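**Student:** sequence and predicted model, in that order:
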Amino acid sequence: MLSVASLGLAHAAQEDISFADDARYSVTSPDGDIEITAFTNQYGEPMYAVTHDGEPVVLGSKLGMRFAKHKQFKDNLLIGRKSTASHDETWEQPWGERRYVRDNHNEMVVTFRDADDERHSFDVRFRAFDDGIGFRYEFPKQKALRGEIAIVDELTEFALPAEDATAFHIGARLWNRYEYLYDTTPVSGMQKVHTPVTLELGSGTHVSIHEAALLDYSGMSLQLKRGNILEADLAPRSDGPKVKKRAPFNTPWRTVQIAEDAPGLVNGTDIYLNLNEPNVLGDVAYVAEDLGVYTGIWWDMHIRTKTWGSGPKHGATTEYAKEMIDFAADSGFVGVLIEGWNEGWDGDWYNAGDVMEFAKPYPDFDIKEVTDYALSKGVRLIGHHETVGNIGRYEDQIDEAFDLYEKHGVRQVKSGYVADGGNLKWTDKNGIEQYEFHDGQKNSNHHILVLEKAHDHMIAMNPHEPIKDTGLRRTYPNWITREGARGMEFSAWGVPPNVPEHTAILPYTRMLSGPMDYTPGIFDLRPNENPDYDIDDRNSPEAFTQTTLAKQLSLYVVIYSPIQMAPDLPQNYLAKPEAFQFIKDVPTNWEESIAVAGEVGDFIVQARKDWDSDDWYVGALTDEDAREVSFDLSFLEEGKSYVAEIYRDGEGAHWETNPYAFVREDKTVTSADTMSFDLGAGGGAAVRFRAED
């Protein structure tokens, strides 16, 4: 990632550290609105607090660590300020939701030292941005931290200023990882929750707590303590502690996004990228070459018209793959995902982690013939590796697996880690099976290993059932997207399906952290009821998509991913050519992205500018309530005319009773205009603003 411009002066200052038990040190954001203060309380416990416009966002909250065999960092401490710094630059992404990212922050490093032992200390580095704050622990090499360090608890707290905040959250350390519908409750309704967790304070200020740069460390969930205090809860390792490290080391950044309204959170997500290190992989031009919309042999298996395993309905056959390649080429898509091509899927594949073969095709799938045919059509095969949670077996075969894909021109791989929470498997040097959480330290390191191996073969990764996103796509730009939340597949199963408000919550929660392969674009909204499908065992009667057709199109703009799937069966797209045209036109790589209106859980209007043209796109969607949304077009270039190609809900549109009510129309607009839509219940609208010459 290239730093392209300096927008101001960067400076740093070292200070003569004078330790005290009553000192308070502060740093403010560049605009002066956010202030972080570090101090110790009456017990010598390290503390911090955050204000926004003079109002508390995080009350005095504890910092610290507990170790299994080393002296604790928790109390009887003195504080001194070590250094201050300011930074302001703009750097360019190789791909993204915006091309240029500004990193403008003020920094303060404070040292907490044991009052009785000056050799025992740790630093906390605080950074204040206009959109929020980040801080991390930095443990220097010292006599007090010799040998292997076992962290048994991180004491970081986030004390909320009032209990009347509304929280949008999903539970953590549960069997289905991150794949849950969101709960909307008071703070008191939370227990142990994943991050990002988003809160609307009683004052109306919006806050989201998360982390950045999760490297060689366990993921942080939040546990509600008494009152309104959230405490860090790290995923445990299989061998006991939460994390194992050696000094010197740094933790991931703990982050607090702060915004006056819900769209402000969506527009303030650069904080995660800026708290990660620049690209360490080198030349990653290959990643951007294959971004776009893809299709694949995937939805068929979810609606049970085909199977992953071999047999009469096997999906991943040479013949069917060629049909999908033809469809992709005719539609202008970049790739075809093929799942179930490799041996190991027969029988109960959910428990097949010990037998998956990542480089052995089934006899009815000729990988050379398929990839050669795809390349002749200007399409690439998108590879697939389902580990079924056996990360050890995957690592054992990964060189051979990536060699095979590189040989056949595969540039993207979707990986899968289907396993219940706490059931990721590997085998230690003594032959003992070990089991880990998806957000544990072992899996954190596993994903980096896979990215590095993939880069060696010019391959980009899209993991499903992954570790959560913490902005590491800046450091490893071949980490193009991931799942990490409830995606479209749940609407095929009906267990239950994703409710209308789900995609009105995701932009303000999971999507703050980075791209998601949600797989929108279902046109047959009730496949379980389609008599034309040859299905022996249909899914639950609840298996249907709780959106209108137009909302499916809006998701391509609202839910960002640099690769987007057109997952439905080709005949369903060809039966609705007007709507399908939007999927054929919509880009996936953006020059700029702006959330222009919205409320968490209710609706959003998202605008994005194409990376490669002057065109803009807008996606608008609502929850289960019909509503009118209105927004100005000031994001368009002033003085230029645009043809607004509109795809919207028709009269009476409703996700349950009238989902296919749909209107396609054109209007000529400029940046001085406003636009409004009557969105049906569970509905949406999508617009391409085509710049006129």
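**Tutor:** Happy to help now that I have it.

**Student:** so what's the residue nearest in space to the middle of the chain closest to, chain neighbours aside?
**Tutor:** The centre of the chain sits closest to Gly514, judged by CA atoms, centre = their mean, with a distance of 3.6 Å. Residue nearest to Gly514 in three dimensions, not counting chain neighbours: Asp469, with 3.7 Å by CB to CB, 6 or more residues apart in numbering. Glycine gets a C-beta too; all of them are placed from N, C-alpha and C.

**Student:** correct me, but the one you found touches Leu512?
**Tutor:** No: here Asp469 does not reach Leu512: they are 9.1 Å apart, not a contact under CB atoms under 8 Å.

**Student:** overlap in contacts of these two?
**Tutor:** Any residue near both Asp469 and Leu512 by CB atoms under 8 Å, 6 or more residues apart in numbering counts here, and that gives Tyr272.

**Student:** shaky segments in this structure?
**Tutor:** 1-11, 16, 163 (pLDDT under 70).

**Student:** contacts only, for the residue of it positioned farthest from its centre.
**Tutor:** Here the chain reaches farthest from its C-alpha mean at Asp116, the gap being 43.9 Å by CA atoms, centre = their mean. Going by CB under 8 Å, 6+ apart, Asp116 touches Asn76.

**Student:** against Leu222, how distant is the nearest residue to Arg380 once chain neighbours are set aside?
**Tutor:** Here the nearest residue to Arg380 in space, its sequence neighbours aside, is Gly335; by CB to CB, 6+ apart that works out to 4.7 Å. Distance of Gly335 to Leu222, computed by CB to CB, to the nearest Å: 38 Å.

**Student:** what's the neighbour count on Ala165?
**Tutor:** Ala165: 22 surrounding residues under other CB atoms under 10 Å.

**Student:** now it: phi and psi?
**Tutor:** phi -70, psi 150 (degrees, to the nearest 10).

**Student:** quick one, strands of the stretch 551-693 of the chain?
**Tutor:** In the stretch 551-693 of the chain, the strands defined using DSSP state E, counting those that start in this stretch lie at 563-565, 590-599, 603-610, 616-622, 627-632, 642-649, 662-669, 674-679, 684-691.

**Student:** hmm, who's touching the last one?
**Tutor:** When contacts are taken as CB under 8 Å, 6+ apart, the neighbours of strand 684-691 outside the stretch itself are 547-548, 550-557, 582, 585-586, 613-622, 633, 636-637, 640-649, 669, 675, 677, 679.

**Student:** buried ones among these?
**Tutor:** Among the contacts of strand 684-691, those buried by neighbour count (16 or more other CB atoms under 10 Å) are 547-548, 550-557, 582, 585-586, 614-622, 633, 636, 642, 644-649, 669, 675, 677, 679.

**Student:** and the angle for the helix or strand Val207 falls within with strand 590-599?
**Tutor:** With elements taken from DSSP states H and E, the one containing Val207 is strand 206-212. Comparing the axes of strand 206-212 and strand 590-599 via axes from the mean of the first three to the mean of the last three CA atoms, to 10 degrees yields an angle of 140 degrees.

**Student:** packing partners of the following helix or strand past strand 206-212?
**Tutor:** Per DSSP H and E, the first helix or strand lying C-terminal to strand 206-212 is strand 220-224. Under the contact definition 3 or more CB pairs under 8 Å, 6 or more residues apart in numbering; DSSP states H and E, strand 220-224 sits against strand 192-193, strand 229-234.

**Student:** heading C-terminal from the longest one, find the next helix or strand.
**Tutor:** This means strand 229-234. Downstream of strand 229-234, the next assigned helix or strand under DSSP H and E is strand 243-245.

**Student:** sheet-wise, list the partners of that next one with their directions.
**Tutor:** Next to strand 243-245 in the sheet, as set by DSSP bridges, lie strand 149-154 (antiparallel).

**Student:** for the strand it pairs with, list every residue counted as buried.
**Tutor:** Neighbour counts using 16+ other CB under 10 Å place 149-154 of strand 149-154 among the buried residues.

**Student:** so which of Asp469 and Leu512 has more stuff around it?
**Tutor:** Asp469 (25 against 22).

**Student:** hmm, back to that, and the contacts of the strand holding Val207?
**Tutor:** The contact list for strand 206-212 (CB under 8 Å, 6+ apart) reads 57, 134, 158, 165, 195-201, 219-220, 222, 230, 252-262, 264-265, 271-272, 275-276, 470-471, 508-509, 512-513, 600.

**Student:** wait, Gly484 sits on His447?
**Tutor:** No: here Gly484 lies out of contact with His447, judged by CB under 8 Å, at a distance of 11.4 Å.

**Student:** who has more neighbours, the two?
**Tutor:** Gly484 (26 against 23).

**Student:** tell me the contacts of that one?
**Tutor:** Each residue near Gly484 by CB under 8 Å, 6+ apart is listed here: 178, 466-469, 510, 513, 516.

**Student:** also Gln257?
**Tutor:** Residues in contact with Gln257 (CB under 8 Å, 6+ apart) are 131-132, 196, 206-210, 265, 268-269, 271, 512.

**Student:** who wins for neighbours among those?
**Tutor:** Highest neighbour count within the contacts of Gln257, by other CB under 10 Å: His210, with 31 neighbours.

**Student:** and it, how far is that from Ser203?
**Tutor:** From His210 to Ser203 the distance is 21 Å (CB to CB).

**Student:** with Tyr533 instead?
**Tutor:** 52 Å.

**Student:** ok so, going back, now do the shared contacts for Gly484 and His447.
**Tutor:** Applying CB under 8 Å, 6+ apart, one finds that Gly484 and His447 are jointly contacted by 466-467.

**Student:** quick one: the helices in the stretch 451-600 of the chain?
**Tutor:** In the stretch 451-600 of the chain, helices defined by DSSP state H, counting those that start in this stretch lie at 490-493, 502-505, 549-558, 570-574, 577-585, listed in chain order.

**Student:** outline the domain layout of the chain.
**Tutor:** Split into domains by automatic domain parsing, the chain comes to 2-274, 277-481, 485-693.

**Student:** start to end distance for the second one?
**Tutor:** The first and last residues of domain 277-481 sit 18 Å apart, counting by CA to CA, to the nearest Å.

**Student:** check the offset of that domain from the chain's centre.
**Tutor:** Distance, stretch centre to chain centre, for domain 277-481: 18 Å (CA atoms, centre = their mean, to the nearest Å).

**Student:** cool, the last one as well?
**Tutor:** Centroid separation between domain 485-693 and its chain, computed with CA atoms, centre = their mean, is 19 Å.

**Student:** likewise for the longest one?
**Tutor:** Relative to its chain's centre, domain 2-274 lies at 19 Å (CA atoms, centre = their mean).

**Student:** going forward, the N-terminal residue is numbered 471.
**Tutor:** Understood, numbering begins at 471; the last thing we discussed is domain 472-744.

**Student:** how much space separates Pro711 from Trp723?
**Tutor:** With distances taken as CB to CB, Pro711 is found 21 Å from Trp723.

**Student:** okay, now the closest residue in space to Asp1055 that isn't next to it in sequence: neighbour count?
**Tutor:** Excluding the flanking residues, the one nearest Asp1055 by CB to CB, 6+ apart is Arg1158, at 5.9 Å. Look at Arg1158: counted by other CB under 10 Å, it has 22 neighbours.

**Student:** same deal with Trp1125?
**Tutor:** Trp1125: 26 neighbours (other CB under 10 Å).

**Student:** surely it touches Ala1131?
**Tutor:** No: counting by CB under 8 Å, Trp1125 does not reach Ala1131; the two are 10.5 Å apart.

**Student:** touching both of the two, which residues are there?
**Tutor:** 1018, 1150.

**Student:** can you give me the strands for the stretch 721-870 of the chain?
**Tutor:** 723-729, 762-767, 805-808, 850-856.

**Student:** turn the ones you listed into JSON lines, columns for distance to Gly502.
**Tutor:** Below are these laid out as JSON lines (distance: least, CB to CB, whole Å):
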{"stretch": "strand 723-729", "distance to Gly502": "13"}
{"stretch": "strand 762-767", "distance to Gly502": "42"}
{"stretch": "strand 805-808", "distance to Gly502": "47"}
{"stretch": "strand 850-856", "distance to Gly502": "47"}
